[in-house]
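*Asks:* Next one to model:
(one chain, ligands or ions: 2)
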Amino acid sequence: MRIAVLGGGAWGTTLAGLAAAQDHQVRVWSRSGALSLGEVLAQAEAVFSCLPMAAVAGAIDQVLALGLPAGAIVLNATKGLDRRTARPASSLWQARFADHPLVVLSGPNLAAEIRAGLPAATVVASADGQAAGRIQQCLASERFRVYTSADWRGVELGGVLKNVIAIAAGVSDGLGLGANAKAALITRGLAEMIRVGTHWGGLAETFYGLSGLGDLLTTCNSPLSRNYQVGFGLGKGQPLEAVLEHLQGTAEGVATAAILAEYARRSALEVPITEQVCAVLDGLRPPTEALAALMTRRLREEGGG
Ligand SMILES: NC(=O)C1=CN([C@@H]2O[C@H](COP(=O)(O)OP(=O)(O)OC[C@H]3O[C@@H](n4cnc5c(N)ncnc54)[C@H](OP(=O)(O)O)[C@@H]3O)[C@@H](O)[C@H]2O)C=CC1
Ligand SMILES: O=C(CO)COP(=O)(O)O
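*Replies:* Ligands and ions are numbered 1, 2, ... in the order given. This is a model prediction of the structure:
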């Protein structure tokens, strides 16, 4: 396949490497790269969008102005929410490229581990099963196992929503709260992800798969995760600005938490962990008080809803 990769960061270069290793023709567009967007898009059969969320709307405008080859598959690998619409990145692509098959790729995929040749699995999801199958064939290898799914909303939202819980898990470890606390946080975080994800049209069962629970476990447990690193720094008492200054790359959960909390307030959705993550990110509450607020919530029955 001829593949255009948008974004020369950690994830773009990693996906480009996986596709190139399967002998596909890959061209990467990044602002500092040698190729223009027009050169990268020319004759592309698939466009892999691996940009940070903040860059997606602008990139879509530029791609629209240049035009996409007919039938080219749009694959979204961004894990974030759009500040203006509170929708995930694939919605922005879908709104402007309705004639193109849309696929989302999401899973427990820390780029650094994949680049080091460690094994990983992911999910490619689409309403167009043929398009998902083409991407599956394109990327699958002995080191990268690719599953398909029809629940593209749920698959994408798993990757988006777990970033907020990963910040909370980092805070928990930064405070030294132990394994019991973190297990509780991850489990109740998954319930929160399912509450929001099903509200937005994902299937509950998808969140128990690789793109939900799988990615949640990876990012809540690995110091390689940028979102976890943000939380860990906050838990250690550092201000957000200082943590972000030293962070290598994008931590989408910081913006996602604020966008989700605002949306949840307007929609009467219960997102207690996200609310506390926001309060800590905004410097309104120290992590120990956020913990106390979660521990002293109204007592209730366990359950996802
Ligand atoms: N890293 C990972 O392990 C994974 C990341 N993701 C997701 O992929 C997305 C990208 O993450 P990642 O690659 O890690 O991020 P990085 O911070 O490593 O790289 C971001 C890339 O996007 C380019 N970029 C930044 N701003 C703009 C802009 N305004 N216009 C055009 N290009 C821009 C960057 O700059 P430049 O053009 O200067 O090169 C860089 O090439 C995120 O949504 C993340 O959640 C998903 C799975 C795994
Ligand atoms: O999404 C990821 C792994 O699946 C990457 O996580 P971070 O963005 O937190 O580094």
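*Asks:* What about the closest residue to Met53 other than its chain neighbours, how many residues nearby?
*Replies:* Excluding the flanking residues, the one nearest Met53 by CB to CB, 6 or more residues apart in numbering is Gly80, at 2.8 Å. Glycine gets a C-beta too; all of them are placed from N, C-alpha and C. A count of nearby residues for Gly80, using other CB atoms under 10 Å, gives 24.
*Asks:* Could you measure from Gly80 over to Gln229?
*Replies:* For Gly80, the distance to Gln229 equals 17 Å [CB to CB, to the nearest Å].
*Asks:* Same question for Arg188.
*Replies:* For Arg188, the distance to Gln229 - CB to CB - is 22 Å.
*Asks:* The two: which has the busier surroundings?
*Replies:* Comparing Arg188 with Gln229 by other CB under 10 Å, the one with more neighbours is Gln229, at 23 against 17.
*Asks:* got a pLDDT number for the more buried one?
*Replies:* We have a pLDDT of 98 for Gln229.
*Asks:* and it, what does it touch?
*Replies:* Gln229 is in contact with 170, 223, 243, 247, 251, counting by CB atoms under 8 Å, 6 or more residues apart in numbering.
*Asks:* where does it fall, phi/psi-wise?
*Replies:* phi -60, psi -40 (degrees, to the nearest 10).
*Asks:* pretty sure Leu64 contacts Ala98?
*Replies:* No - look at Leu64 against Ala98 with CB atoms under 8 Å: they stay out of range, at 11.9 Å.
*Asks:* And the closest residue to ligand 1 within the chain, its phi and psi?
*Replies:* In the chain, the residue found nearest to ligand 1 is Gly9; the distance is 1.7 Å by CB to the nearest ligand atom. Backbone torsions of Gly9, given as degrees, to the nearest 10, read phi -90, psi -160.
*Asks:* And Leu105, by the same measure?
*Replies:* phi -120, psi 130.
*Asks:* again, but for Thr78
*Replies:* For Thr78, the backbone dihedrals (degrees, to the nearest 10) come out as phi -70, psi 140.
*Asks:* Repeat that for Ser106.
*Replies:* The phi/psi pair for Ser106 (degrees, to the nearest 10) reads phi -160, psi 150.
*Asks:* any idea how far Val230 is from it?
*Replies:* Counting by CB to CB, the separation of Ser106 from Val230 is 20 Å.
*Asks:* ok, now Glu39?
*Replies:* Using CB to CB, Glu39 is found at 35 Å from Val230.
*Asks:* Pull the distance from the strand or helix carrying Ala166 to the chain's centre.
*Replies:* Taking DSSP states H and E as the criterion, Ala166 maps to helix 152-175. How far helix 152-175 lies from its chain's middle: 8 Å, per CA atoms, centre = their mean, to the nearest Å.
*Asks:* same thing with stretch 198-217?
*Replies:* On CA atoms, centre = their mean, the centre of stretch 198-217 falls 12 Å from that of its chain.
*Asks:* got the end-to-end distance for it?
*Replies:* Stretch 198-217 stretches 20 Å from its first residue to its last (CA to CA, to the nearest Å).
*Asks:* what's the answer for stretch 13-31, then?
*Replies:* 13 Å.
*Asks:* again with stretch 268-286
*Replies:* Per CA to CA, stretch 268-286 runs 25 Å from first to last residue.
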